[in-house]
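Trainee: here is the input, now give the coordinates:
(2 chains)
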Amino acid sequence: MSLIFRRLARNNPRNIVTDAQILIISSRKLSLVPSLYDGDQDPAPKFFSSNVQILLKRLTRPDFNKVFRKRTNHGFSVLKTPSYKFLTNEELEEEIAKANEKADRLLQMPPVVKIQQHIEDVLSNDPALIGYDTAKYIFTDITFGVANEHRIIIERDPDGTLRSCDHDVRKRLNQAYFPLNGRKLREPLMFADIEKLNSLLDREKYEFVLDRACVQYEPDEPSYQRVTSITYQHVDSKSKYELLRSTRHFGPMTFYLTWHKSMDNLMLELIQGGAVREAVLLSALRQDIHGDVANGDVARTLAQQILPTPVQLTKPETLTEEDIQLDSKCVECIEKYITGTSSMKSQQELALQGFREYYQQLIDLSRGLKKAHGKQ
Amino acid sequence: MSLPPASGTGRYFARAAKSIRLIRQGCTNRPFFHISVTHRRRLNSQPVIEQLGSYDPMPNINNEKLVALNLERIKYWLGQGAHVTNPVAELLGLSGFFPIHPRSYMTAWRNRRTERENLAKLEEQKAKEATTAS
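Mentor: As a prediction, this is how the structure comes out:
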């Protein structure tokens, strides 16, 4: 942004753009304020409860074409050619089960947990050691087979105090002695420099940012929660949810938005896309997390009916009577949600009205088709 | 020249006396030490029995000196009756694994003494300058 202005200023000298103006313009984009999970309430028990996990996984709406897409050929010197096979029905089912398992692994959500607390654990204090050295001594126990989080890492300060290291030092030393693949010892510039992060977000590289944040940070680090919350808010403000669907980041994003009670834009997008069942699941999710939805129990029982049905990735062409019944129940449920809890009432009502009209046409069409085919 | 083998290649005699010591590995003007267990009668340039850790005596950009200790193996070799040299005992003392080595206390109070003396000298100089100026 600022580059364009500088070029403008260079091209026509009459148009004087001072540096101060440029600064104001570029800082206006930094309006996203990260909100961390640092309150009194711990999100982890809610996030890991089986109800919420199932809802979040279903809301991801995994499309296998996207889940198993080719990303890079990094690490493969030769690309494998796909193999085609004739399979019996049983074998095919087996293969599908395998693919489902693989997709589950690929779509495993990064955990949502409370922000970490500082470690303040003084082991001993020996004033007779003052003056021994001007530098700190840091001792790492490199015993084989100890997990990074349980490793003993302690420091002897110049004032003779022996204490456990804080998280940032622990992370640095763990990375120095036991490097994790892909993690950098220094914070990458794309996270450290807010301008660079914003530029990535403006180019809608959300998945790249979130994937790299997962590698670089631990989920309870303030930096991780800052980067992800900025990214989620950016996605939310641009309504680019489709870019994160079928990825492992959609669940945590939905959880984040619901936790901060700002999921109405997502709800609107779902209704506009005709995914009323997912919209009901979203209100059930809010009921599970906050318990403040107008007819939350109805949404919950409806969610139990929706979950066994297959995910509708495309708009259906014909409808069965059960579908119609379920969808009309969903529409009723959402209507109550909109009047009771929503903060974007008029837009969502409009979208719901649009859906109703479209759905009525679909019902007429499928019933007419049935009649024409001579079925009841 | 290939690096001297860090661990595991030295010949091992069960009943010979062992010693846990610092073995200099860095290059000219850049010391770096391995904490290794080897036979007491063996030179530092010879292959060791096992490497137990490392010590970097030059502070890094955060003004820290990094020490790595494989405590499990150190315990094992201590149990086998290995002798610990003074510099290693000092490090283990600072880490809280051993009691603090007397030499650490000595270094500390000597450093404090020199600092005190330096301060006194500075003050003397200042007093002298003040008298000559007036």
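
Trainee: what sits against the residue positioned nearest the centre of chain B?
Mentor: Centroid-nearest residue in chain B: B:P87, 4.1 Å away (criterion: CA atoms, centre = their mean). By CB atoms under 8 Å, 6 or more residues apart in numbering or on different chains, the residues touching B:P87 are B:R21, B:L22. In short, each C-beta sits where N, CA and C put it, glycine included.

Trainee: report the secondary structure state of it.
Mentor: helix (DSSP: H, G, I helix; E, B strand; the rest coil).

Trainee: quick check: pLDDT value at it.
Mentor: At B:P87, the pLDDT value in this model is 96.

Trainee: that one and B:L94, how far apart?
Mentor: Per CB to CB, to the nearest Å, B:P87 is found 11 Å from B:L94.

Trainee: same question for A:T143.
Mentor: Separation of A:T143 from B:L94 (CB to CB): 18 Å.

Trainee: compare neighbour counts for these two and give me the winner.
Mentor: Applying other CB atoms under 10 Å in any protein chain shown to A:T143 and B:L94 shows that B:L94 carries more neighbours, namely 25 against 15.

Trainee: can you read off the pLDDT for the more buried one?
Mentor: As predicted, B:L94 sits at a pLDDT of 95.

Trainee: for it, what are its contacts?
Mentor: When contacts are counted by CB under 8 Å, 6+ apart, B:L94 touches A:L129, A:Y132, A:Y137, A:F139, A:R156, A:L162, B:I100, B:S104.

Trainee: quick one: the longest helix seen in chain B near chain A?
Mentor: If you go by DSSP state H, chain B has its longest helix at helix B:102-133. Yes: with CB under 8 Å from any CB of the partner chain as the criterion, chain A is reached by helix B:102-133 at B:S104, B:Y105, B:T107, B:A108, B:W109, B:N111, B:R112, B:E115.

Trainee: counting neighbours, which of those residues comes out on top?
Mentor: Among those, B:S104 has the most neighbours (other CB under 10 Å), with 22 neighbours.

Trainee: do I have it right that it meets B:L91?
Mentor: No: look at B:S104 against B:L91 with CB atoms under 8 Å: they stay out of range, at 9.3 Å.

Trainee: helices or strands next to the helix or strand containing A:D288 in the packing?
Mentor: Element membership for A:D288 (DSSP states H and E) is helix A:276-289. With contacts taken as 3 or more CB pairs under 8 Å, 6 or more residues apart in numbering or on different chains; DSSP states H and E, helix A:276-289 sits against helix A:50-59, helix A:250-259, helix A:264-272, helix A:296-306, helix A:321-340.

Trainee: what's the mean pLDDT across it?
Mentor: For helix A:276-289, the mean pLDDT works out to 91.

Trainee: tell me where the model's unsure across chain A.
Mentor: By pLDDT under 70, the weakly predicted segments of chain A are A:1-30, A:73-75, A:375-376.

Trainee: residues of chain B that sit close to chain A?
Mentor: Neighbours of chain A within chain B, by CB under 8 Å from any CB: B:53, B:59, B:62-73, B:91, B:94-96, B:100, B:104-105, B:107-109, B:111-112, B:115.
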